[in-house]
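# I'll drop the sequence and a predicted model, then ask my questions.
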Amino acid sequence: MMLRSVAMRTALAPAPLRTLVLLALCAASALVAGCGPREEKLAIHGSPRSSGMDGQVTVTPQPEFGNSKVRVDLTFVTPPDRIAPGARTYVVWDRRGDRLTRLGQLQFDGESREAKFEATTLPGGFELMVTAEPNANVPLPSPQTLLIQRVVGNAR
């Protein structure tokens, strides 16, 4: 009702005032709707190399720091040595086109078959990759992938 009243009065106002009022209304509605980037939650339900795996990838933009927090929580994960002979761990990667960034080691518990990871990366869209590796310090990912997940970045 209040917006209708403002709109009716605005229609009778001079053009510069109408523009100012409309901009103020747009700004107020953007604040109410949430104008910044929001957390992105992506469900994981198996992969070709670990069909029983379940979990979630959560990406939370942190514009105040100029980055995004990435969290991976997985259950029923196949041990790395069953994905690739000689693999002892999983490594998490950020792939943006041809650029690869190693984010760190996925913390895998072989007894519970659960895995967790948390790190920060640049804001924006990317492919999150998890690969089976002989150690956590490999310079490039192996082709033995546990998971590839597209992250939109700046989800609204």
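Alright, I've got the coordinates.
# going forward, measure contacts and count neighbours with C-alpha atoms only.
Fine.
# got the buried residues for the helix or strand containing Gln107?
Using DSSP states H and E, Gln107 sits in strand 99-109. Neighbour counts using 16 or more other C-alpha atoms under 10 Å place Leu100, Arg102, Leu103, Gly104, Gln105, Leu106, Gln107, Phe108 of strand 99-109 among the buried residues.
# Next, work out how far apart the nearest residue to Glu40 once chain neighbours are set aside and Arg150 are.
The shortest distance from Glu40 to any residue other than its chain neighbours is 5.1 Å, reached at Val59 (C-alpha to C-alpha, 6 or more residues apart in numbering). Look at Val59 and Arg150: by C-alpha to C-alpha, to the nearest Å, they are 11 Å apart.
# So which of those two has more stuff around it?
Val59 (27 against 13; other C-alpha atoms under 10 Å).
# Go ahead and name everything in contact with the helix or strand that contains that one.
Assigned by DSSP H and E, Val59 falls within strand 50-62. Outside of strand 50-62, the residues within contact range by C-alpha atoms under 8 Å, 6 or more residues apart in numbering are 37-47, 67-78, 123, 146, 151, 153-154.
# do the same with stretch 63-73
55-62, 114-123.
# try stretch 91-110
Contacts for stretch 91-110 (C-alpha under 8 Å, 6+ apart): 79, 89-90, 114-117, 119-121, 125-133, 136, 139-141.
# can you tell me which of those residues are in strands?
Applying DSSP state E to the contacts of stretch 91-110, the entries found in strands are 89-90, 114-117, 119-121, 126-133.
# which of the residues you listed are buried?
For the ones in strands among the contacts of stretch 91-110, buried by 16+ other C-alpha under 10 Å: 89-90, 114-117, 120-121, 126-133.
# No further questions, thank you.
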